[in-house]
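Novice: Sequence first, then the predicted structure, then my questions.
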Amino acid sequence: MLYHLIKKDFILVKKYLPMMIGIPALIPLYVGTRPIGGAALIGFTLSSVYTLFMTVQYIFLKESQSPKALSLLCAAPYPRWLLVGAKYCLVPILHLACCLVFLAESLVVPGLAALPMQAYASVLFADSLFFSIYMPLQYKLGFERVKLLLLLPIIAMSWLFPLLVKLSAQIRWNPLAGIPAWASSIALTAASFAVLAVSALVSIRIFGRKDLA
């Protein structure tokens, strides 16, 4: 049943599929080849964040336009916790898609530096952290209220993240220094799923009490 719900979410946004493919493909090409420190990491991070949150926003937009469809799904053999869980499954799925696109581009595009394993895990953790804050708010406040709250930090991130990368390079701050790459990658991935699991429980509790009538 989970597969069908995830498939349903992608069907809802099939109209925006070219954009969903274009974002992870074009942002790293544009940002990652710039002559700035950490360009590849900045490009990949922005592409991953934009792909995830724009996809989820379009899914919630479609669902808000057809509230009766959501009620019918809950009345069908799909429990509410599974509907919530399907949304959280989008995080690793879309992150993996962005990783594969970036890896392919780094192999064929001159000037686009490859990223270490830690970088992919770090971006997954960042995605999971933002997503884990966003989803309970989405279920609590609704699409119309949350869409503006989400837009502001995403725009701010476009300006602040390059500055943070530059600043960390100047002060040579790396919280993962001295830890083997495989160990830190596993730890970050585990932490990502742990954060998502806690957030999912909160979202399920909120959505379970929601009146869909």
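Specialist: Okay, I see it.

Novice: Which residue is the nearest non-sequential neighbour of the residue nearest the centre of the chain?
Specialist: For the chain, the residue sitting closest to the mean C-alpha position, by C-alpha atoms, centre = their mean, is Leu52 at 3.5 Å. Take Leu52 and drop its neighbours on the chain: the residue closest to it by C-beta to C-beta, 6 or more residues apart in numbering is Leu94, 5.0 Å away. Heads up, the C-betas are built off the backbone N, CA and C, glycines and all.

Novice: chain center to stretch 183-193: distance?
Specialist: Using C-alpha atoms, centre = their mean, to the nearest Å, the mean C-alpha position of stretch 183-193 is found 16 Å from that of the whole chain.

Novice: Buried residues of it, list them for me.
Specialist: Neighbour-count burial for stretch 183-193, counted by 16 or more other C-beta atoms under 10 Å, picks out 184-185, 188-189, 192.

Novice: okay, who's weakest in those by pLDDT?
Specialist: Of all the buried residues of stretch 183-193, Ser184 carries the smallest pLDDT score, 87.

Novice: Just give me how far the helix or strand hosting that residue sits from the chain centre.
Specialist: Assigned by DSSP states H and E, Ser184 belongs to helix 181-208. Relative to its parent chain, helix 181-208 has a centroid offset of 13 Å by C-alpha atoms, centre = their mean.

Novice: That's all I had, so thanks and see you.
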